[in-house]
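J.: Build me a model from this:
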Amino acid sequence: MTKIEDTTPILVGCGDVTDMTTPVEQARSPFDLIAQAGRLALADTGAPALADAIDTLTMLRLFADTSFRFATKLGTSTNPPRSIAQRLGISPAREIYTWNGGNMPQYLVNSYAEQISRGEMRAAMIVGGEALRTQHGAERAGIVGVWNEEPGGTPELVGENRTAWSEHEEAHGMRAAIIMYPLIENAVRGEKKQDIKTHMRNMGTLFARLAAVAAGNPLATRRDGFSAEQLATVDDSNRWIGFPYPRLMNSNAFIDQAAAIIITSVGEARRAGVPEDKWVYLHGCADGYDHWYVTERENIARSPAMQRGARRALEMAGKTIDDIDILDLYSCFPSAVEIACRELGLAEDDPRGVTITGGLPYFGGPGNSYVLNSISEMIRQTRARRGKFGLVTANGNYITKHSWGVYSTNPTLGSWSRESPKVLQAELDALPKAPFTETPSGDADIETYTIVHGKKGPETGIVIGRERASGRRFVANTANDMATLMDLQEKEGLGRPGTVKREGPKNIFVPA
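T.: Below you'll find the predicted structure:
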């Protein structure tokens, strides 16, 4: 009879913290917040001795160390994972700090499961979080430097450090998620053949379901239970960010949230005395990237990596999407959920729901760490629904970097192994790319577009289009006068004809 091998990887501990009440003037650091989640995860294992087996502590990169938009005057640690380890009183041999990416929590679980199965790792704690609510408030109060720490040592760096946008995309303002995802969203709308009003209503309906889950989650940061009408109505409290997204359809990063999980082997869990009702098995996993730059992709509204990677993870688990009972799809913006549903073969109103937390706009979007919270919640939910299977999807950059995990309390039997991620990646890299020019000219049509708003109204128009004669894709800006921007926003822009030409460092598109 096949048995559970001692080298089988299992998740045995989880902990989450959401802090919306500590006064920002106290300037509670993200390291204190994250360490609190780590203590909860250690306690959750029910086995204090397991702390001695943790030979790897990995921390997800803080937004303050990721983007100039979130840089802080409060300071940081020269070795963030050691700052956490010292607070927890543990001394792991490996201290790892990741590069950015919302895919990284699930990517780490997949990678560490493989290392554990090979006997290369005894136990790992993965931690992450953000204190951007406190950071923003403390900086407004004039507090500086209080988060500086020098715990010694230099962490290993893990992940992908390539810039998420090309220089040409950046020259036209295509850099931040709040710009890229609206461009993707209008491409999705074109794929669905929906007008602006219909699509706004449908996005509101989709995200109202997420908001309803958050309303019942005590760890969520927005628990108002917004209606579809509220989400789709633009007003002073729900202003435009990047058309077609008002504020409440954007990931909510300015929160204080943290999570931690612990992964080890069956053998180590038994030696430390972790009760078996704490064990959650990773039945399937996969990792893969779509073409790196948005403008390279043949169809901006699709994700071959999502489709093929999810299939790989489910096949490894011996399951189909119909066999999955619990779902948490990465949900930074509506387009991420819409594309995932299409590629996984899910209806957007699937009765199982698409989130177990409430999603990044309503549960909270703690930077690179959200999926750590969703994995933590998946651990709790699979423990409570024994024998059921859950799927976590993770997404980094702009529908670019993807990871998947299939979880259950049902044991995996025999030797745990997975296909090398290089196999899937070779398939994805071989897919065709869209023909592209940096110097378009002449008659052209809009493929997708967005209007970027500031607090006082529309500021910039960004167009991804196709030259009519050659079919080559290009990126351009529009004139930034109010009449042009509002005309493009209030009237249908998809497929709209116009002309494009190079002016200095940028391309300019003039809609007909």
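J.: Helix or strand with the lowest mean pLDDT in this protein?
T.: Considering only helices and strands, the least confidently modelled element of the chain by mean pLDDT, DSSP states H and E is helix 482-490, at a mean of 95.
J.: Which elements pack onto the following helix or strand past that one?
T.: Sequence-wise, the next helix or strand beyond helix 482-490 is strand 497-503, with elements assigned using DSSP states H and E. Counting contacts by 3 or more C-beta pairs under 8 Å, 6 or more residues apart in numbering; DSSP states H and E, strand 497-503 is packed against strand 442-454, strand 457-467, strand 506-511. The C-beta positions use only the backbone N, C-alpha and C, and glycine is treated the same way.
J.: if we look at strand 497-503, which residues are touching it?
T.: Applying C-beta atoms under 8 Å, 6 or more residues apart in numbering, the contact partners of strand 497-503 are 439-446, 465, 467-468, 474, 476, 507-512.
J.: try 10 Å
T.: Counting by C-beta atoms under 10 Å, 6 or more residues apart in numbering, strand 497-503 makes contact with 437-446, 463, 465-468, 474-478, 488, 507-512, all of which sit outside it.
J.: Just the buried residues from those residues, in ChimeraX please.
T.: Here is the ChimeraX command that selects the buried residues among the contacts of strand 497-503 (16 or more other C-beta atoms under 10 Å):
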select :437,440,444,445,446,463,465,466,467,474,475,476,477,478,488,507,508,509,511
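J.: ok, back up a step: tabulate the helices and strands packed on strand 497-503 in TSV, adding columns for mean pLDDT.
T.: Formatted as TSV, the entries for the helices and strands packed on strand 497-503 read as follows, by pLDDT from 0 to 100:
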stretch	mean pLDDT
strand 442-454	98
strand 457-467	97
strand 506-511	97
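J.: Now distance to Glu427 too, for the ones you listed, in TSV please.
T.: Shown next, in TSV, are these (distance: least, C-beta to C-beta, whole Å):
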stretch	distance to Glu427
strand 442-454	25
strand 457-467	25
strand 506-511	33
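J.: got the contact list for the residue nearest the centre of the chain?
T.: When the chain is reduced to its mean C-alpha position, the closest residue under C-alpha atoms, centre = their mean turns out to be Gly102, at 3.3 Å. Contacts for Gly102 (C-beta under 10 Å, 6+ apart) come out as 60, 177, 251, 330, 332, 336, 360, 365, 367-371, 394-397, 400-403.
J.: can you count the residues close to the closest residue to it other than its chain neighbours?
T.: Counting by C-beta to C-beta, 6 or more residues apart in numbering, the nearest residue to Gly102 once its immediate chain neighbours are dropped is Gly396, at 4.6 Å. Around Gly396 sit 25 other residues, with neighbours defined as other C-beta atoms under 10 Å.
J.: again with Ser83
T.: Around Ser83 there are 24 residues (other C-beta under 10 Å).
J.: now the helices for this structure?
T.: With DSSP state H, the ranges of helices along the chain come out as 30-44, 80-88, 104-117, 132-140, 167-171, 177-192, 196-215, 228-232, 266-272, 304-317, 334-344, 370-384, 421-429, 482-490.
J.: do you know which of the ones you listed lies nearest Thr450?
T.: Of all the helices of the chain, helix 177-192 sits nearest to Thr450, with 3.9 Å by C-beta to C-beta.
J.: taking the contacts of Gly102 one by one, which sit in strands?
T.: Applying DSSP state E to these, the entries found in strands are 394-396, 401-403.
J.: JSON lines for these, including pLDDT and distance to Leu88?
T.: Supplementary listing: those in JSON lines, determined by pLDDT from 0 to 100; distance: C-beta to C-beta, whole Å:
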{"residue": "Ala394", "pLDDT": "98", "distance to Leu88": "25"}
{"residue": "Asn395", "pLDDT": "98", "distance to Leu88": "29"}
{"residue": "Gly396", "pLDDT": "98", "distance to Leu88": "27"}
{"residue": "Lys401", "pLDDT": "98", "distance to Leu88": "29"}
{"residue": "His402", "pLDDT": "98", "distance to Leu88": "31"}
{"residue": "Ser403", "pLDDT": "98", "distance to Leu88": "26"}
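J.: Return the closest of these with respect to Leu494.
T.: Nearest member of the ones in strands among the contacts of Gly102 to Leu494, counting by C-beta to C-beta, is Asn395, at 23.9 Å.
J.: contacting residues around the closest one?
T.: By C-beta under 10 Å, 6+ apart, the contact list for Asn395 reads 101-103, 106, 290, 303, 305-306, 329-333, 336-337, 339-340, 370-371, 401-403.
J.: again, only this time at 7 Å
T.: 102-103, 330, 336, 401-402 (C-beta atoms under 7 Å, 6 or more residues apart in numbering).
J.: any idea how far Ser417 lies from Ile375?
T.: Counting by C-beta to C-beta, to the nearest Å, the gap from Ser417 to Ile375 is 21 Å.
J.: More neighbours: these two, which one.
T.: Between Ser417 and Ile375, counted using other C-beta under 10 Å, Ile375 has the larger neighbour count: 27 against 11.
J.: Ile262 is in contact with the more buried one, correct?
T.: No: taking C-beta atoms under 7 Å as the definition, Ile375 is not a contact partner of Ile262, at 11.1 Å.
J.: any weak-confidence spans in this protein?
T.: By pLDDT under 70, the low-scoring segments of the chain are 1.
J.: Distance check, Ser441 against Thr478.
T.: 16 Å.
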